[in-house]
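A.B. asks: coords please:
(2 chains)
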2 protein chains.
Amino acid sequence: MPEPVIIALDAMGGDHGPEVVIPGADIALSRRPDTHFKLFGDEAAISPILKAHPRVAAACEVVHTDIVVRMDDKPSQALRRGRRRSSMWLALEAVKNGEAHVAVSAGNTGALMAMARFSLRTLAGIDRPAIAAIWPTLRGESIVLDVGATIGADAQQLVDCALMGEAMARALFGLDRPTVGLLNIGVEEIKGLEDVRAAHQLLRDSHLPMDYKGFVEGDDLGRGSVDVVVTEGFAGNIALKTAEGTAQQIAQYLKNAMNRTLLARIGYLLASGAFKALKEKMDPRRSNGGVFLGLNGIVIKSHGGTDAEGFASAVGLGYEMVRNGLLEKIVADLGDYHRERRSPASRGAGSVAS
Amino acid sequence: MPEPVIIALDAMGGDHGPEVVIPGADIALSRRPDTHFKLFGDEAAISPILKAHPRVAAACEVVHTDIVVRMDDKPSQALRRGRRRSSMWLALEAVKNGEAHVAVSAGNTGALMAMARFSLRTLAGIDRPAIAAIWPTLRGESIVLDVGATIGADAQQLVDCALMGEAMARALFGLDRPTVGLLNIGVEEIKGLEDVRAAHQLLRDSHLPMDYKGFVEGDDLGRGSVDVVVTEGFAGNIALKTAEGTAQQIAQYLKNAMNRTLLARIGYLLASGAFKALKEKMDPRRSNGGVFLGLNGIVIKSHGGTDAEGFASAVGLGYEMVRNGLLEKIVADLGDYHRERRSPASRGAGSVAS
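C.D. replies: Model (predicted):
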């Protein structure tokens, strides 16, 4: 049996803190018993909950701190109050110091990203880390990045996202050559932003063994047309939230329709198995967990408002990223890419006016 | 009875040309009999279809041209080949010359926008026209703009969109004071693009009687949190297509679920009325039609691939925009706004560093 995966948990993060983190860790542990936890947070709050979850208690150690980054702290506030002392910071430091393989937090995204950059630092060649989301599609799942960190990303940052997202698809989906698309718009006159076009040229002319499929549009996301969709963070975040909102909207329509008449209610009861399957399919908790890419370490951001089931998904995602060597794959890819960029041969063939 | 609304139709636009345009006009006419059409296109293609739709034949005149803008023409090609001669151009010119109140085309968006700008010109004070979409929400409908024309819109262009969208909401929904929101992202650290923040300040500090509600996020779209959502065209187009894709995806999930077991199929049959209502609710044809705003005339863009029912929605939208004085409302609002900007009092109070 291989070494256990050691997961650093910010026990105080999220809307519910340890009340969700510890039961979530328990569910995750039942699925992947070769997991060990480091729990950072307020011992007084953690201990009673840990007592109710003896399996977690047996597979973790608790590191006490009573400093907590609040959900409404601005990144600058969080850094000022919480650096070197908060549960969020200590979880990240555990990854930095090699005491944990991955950190998982349901704390606020801005603070977590600021602290992660400060603590773990970005990988060589990476300006700005990205947040990758797992997107449920008709074909299964895709990776979409960035969904909120690289606002106004330039062409090179989009290419970095493509490299990192492709590595993640190999790690998460076990694909040899995941397909990669660049999110753009279909109006002919002015096809997308300058930087998106420049990134398209860089990716098309690259000598890397990436299966780059060119532009995709918003409706390709749900269709799963490619395994990895690359986008700048502003549009990516809006796409993600729009999809979540549309799913909620249709679920509400469906609920209203099924309550309208007696016949509909009877039909609903008969088809309840099917509705249950649909509900599971649409359950946002299943794909909970954004992966911070481009740092010297893996960080998973769970939704702040999720429950134990959702937090368990985020923990499971962290586990898979470690077991499948996400960081090593990204580092190798970025190395290859930067070697290629430096080589005179490729410079002649692959360079474009940006 | 008031004067009829005269609608110029690009009979050759879209994937199916007159085979969809004329039956669509027929449906529209049955709903709003005080409509008159000017049909621009190839008489040989139009005549036989018109024979099968005597109601349209009695309420229209045909203007022959055999020049057609193709669905894959680039805007520059379309202008070169189709200016002054194509069915698309002639429909726009009819609006310009006061022979029609509104033009409707299912032709390609880029060409239609380029020709509309060339023929109708933008309103005083407007740099770039926008495309407004009708978005079905849990509360009813909202207006979202821009969905693809103002790529990389700056703060002033976003404010223009807010003004025009607000006027459209008054015209279309009959609201006295529609609510307006600015689409942004929720990640705390770097809340959105510079221009979005600058537009937020301009709108907040404006002395106009606009009910500006501040930032909204992607999931507010389906929720219908505000009547008008303002966004730059790249993110807006991606949001629109992502929502369409998500709706298709869930419809497919639902279909699969309802076919899984015999019990589910029986349930589906019993609840078929409810499913029919749901299907109607989600029917993209109902909200077909983008409105070009910011031109000296109203232009409606129908989806190229829609059927007669969808085209009829676009025609009906054009009718409503005319009957409710959309253009007059926009011109009045822009006049007020620019007067305010020029006045020294507001300059002192409302100006911001952009």
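A.B. asks: Isn't residue A:326 up against residue A:167?
C.D. replies: Yes. Residue A:326 sits in contact with residue A:167 when judged by Cβ atoms under 8 Å, with a separation of 6.7 Å. For every residue, glycine as well, the C-beta is placed using N, CA and C.
A.B. asks: Those two: who's more crowded?
C.D. replies: The neighbour comparison of residue A:326 against residue A:167 (other Cβ atoms under 10 Å in any protein chain shown) goes to residue A:167, with 26 against 23.
A.B. asks: surely that one meets residue A:330?
C.D. replies: Yes. With contact defined as Cβ under 8 Å, residue A:167 and residue A:330 form a contacting pair (4.5 Å).
A.B. asks: do the one helix or strand residue A:265 maps to and chain B meet at all?
C.D. replies: Element membership for residue A:265 (DSSP states H and E) is helix A:262-270. Yes. Under the criterion of Cβ under 8 Å from any Cβ of the partner chain, chain B is reached by helix A:262-270 at A:263, A:264, A:266, A:267, A:268, A:269, A:270.
A.B. asks: Could you name the helices and strands sitting against that helix?
C.D. replies: Helix A:262-270 sits against helix A:233-258, helix B:262-270, helix B:272-282, with contacts defined as 3 or more Cβ pairs under 8 Å, 6 or more residues apart in numbering or on different chains; DSSP states H and E.
A.B. asks: I'd like those laid out as a markdown table, including distance to residue A:158.
C.D. replies: Converted to a markdown table, these look like this (distance: least, Cβ to Cβ, whole Å):
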| stretch | distance to residue A:158 |
| --- | --- |
| helix A:233-258 | 10 |
| helix B:262-270 | 43 |
| helix B:272-282 | 33 |
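A.B. asks: quick one, which of those helices is packed in tightest?
C.D. replies: helix A:233-258 (a mean of 23; mean count of other Cβ atoms under 10 Å in any protein chain shown).
A.B. asks: so how far is it off the chain centroid?
C.D. replies: Relative to its parent chain, helix A:233-258 has a centroid offset of 19 Å by Cα atoms, centre = their mean, to the nearest Å.
A.B. asks: Which strands or helices does it pack on?
C.D. replies: Packing partners of helix A:233-258 (3+ Cβ pairs under 8 Å, 6+ apart): strand A:130-137, strand A:140-145, strand A:179-183, helix A:218-223, helix A:262-270, helix B:218-223, helix B:233-258, helix B:272-282.
A.B. asks: please redo it, this time with the cut-off set to 7 Å
C.D. replies: On a contact count with 3 or more Cβ pairs under 7 Å, 6 or more residues apart in numbering or on different chains; DSSP states H and E, helix A:233-258 meets strand A:140-145, helix A:218-223, helix A:262-270, helix B:218-223, helix B:233-258, helix B:272-282.
A.B. asks: ok, back up a step: would you format the helices and strands packed on helix A:262-270 as a markdown table with mean pLDDT and distance to residue A:63 included?
C.D. replies: Listed next are these as a markdown table, based on pLDDT from 0 to 100; distance: least, Cβ to Cβ, whole Å:
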| stretch | mean pLDDT | distance to residue A:63 |
| --- | --- | --- |
| helix A:233-258 | 90 | 32 |
| helix B:262-270 | 84 | 50 |
| helix B:272-282 | 80 | 50 |
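A.B. asks: Of these, give the one that comes closest to residue B:53.
C.D. replies: When the helices and strands packed on helix A:262-270 are compared by Cβ to Cβ, helix B:272-282 sits nearest residue B:53, at 24.4 Å.
A.B. asks: Mind listing residues that contact that closest one?
C.D. replies: The contact list for helix B:272-282 (Cβ atoms under 7 Å, 6 or more residues apart in numbering or on different chains) reads A:250, A:253, A:254, A:257, A:258, A:260, A:261, A:263, A:264, B:247, B:251, B:268.
A.B. asks: Apply 10 Å and report the result again.
C.D. replies: For helix B:272-282, the surrounding residues in contact (Cβ atoms under 10 Å, 6 or more residues apart in numbering or on different chains) are A:249-250, A:253-254, A:256-261, A:263-265, A:267-268, B:136, B:247-248, B:250-251, B:254-255, B:258, B:268-269, B:271, B:286.
A.B. asks: domain ranges for chain A?
C.D. replies: Per automatic domain parsing, the domain ranges recorded for chain A read A:1-121+A:295-323, A:131-288+A:328-354.
A.B. asks: and those domains, which one is worst for confidence?
C.D. replies: When those are ranked by mean pLDDT, domain A:131-288+A:328-354 comes last with a mean of 85.
A.B. asks: quick revisit: among the helices and strands packed on helix A:233-258, which is nearest residue B:115?
C.D. replies: Nearest of the helices and strands packed on helix A:233-258 (Cβ to Cβ): helix B:233-258, 18.1 Å.
A.B. asks: In contact with the residue sitting nearest the centre point of chain A, which residues?
C.D. replies: Centroid check for chain A by Cα atoms, centre = their mean gives residue A:290 as the closest residue, at 1.8 Å. Residues in contact with residue A:290, defined by Cβ under 10 Å, 6+ apart, are A:109, A:112-113, A:130-134, A:144-149, A:240, A:299-303, A:314, A:317.
A.B. asks: With residue A:154 instead?
C.D. replies: A:127, A:128, A:160, A:193, A:194, A:195, A:196, A:198, A:199, A:232, A:354.
A.B. asks: Up against chain B, what does the stretch 1-150 of chain A have?
C.D. replies: Selection of the stretch 1-150 of chain A residues close to chain B by Cβ under 10 Å from any Cβ of the partner chain yields A:71-78, A:108-114, A:117, A:128, A:131, A:136-138, A:147-150.
A.B. asks: For residue A:292, identify the helix or strand it belongs to.
C.D. replies: Short version, using DSSP H and E: residue A:292 is in strand A:290-293.
A.B. asks: Give the other helices and strands that the helix or strand just after that strand contacts.
C.D. replies: Using DSSP H and E, the helix or strand that directly follows strand A:290-293 along the chain is strand A:298-301. Secondary-structure packing of strand A:298-301 (3 or more Cβ pairs under 10 Å, 6 or more residues apart in numbering or on different chains; DSSP states H and E): strand A:5-10, helix A:87-96, strand A:102-105, helix A:109-120, strand A:130-137, strand A:290-293, helix A:308-323, helix A:326-342.
A.B. asks: what would those look like in CSV with distance to residue A:60?
C.D. replies: Listed next are the helices and strands packed on strand A:298-301 as CSV, based on distance: least, Cβ to Cβ, whole Å:
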stretch, distance to residue A:60
strand A:5-10, 8
helix A:87-96, 12
strand A:102-105, 13
helix A:109-120, 21
strand A:130-137, 26
strand A:290-293, 22
helix A:308-323, 12
helix A:326-342, 23
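A.B. asks: Sweet, I'm off.
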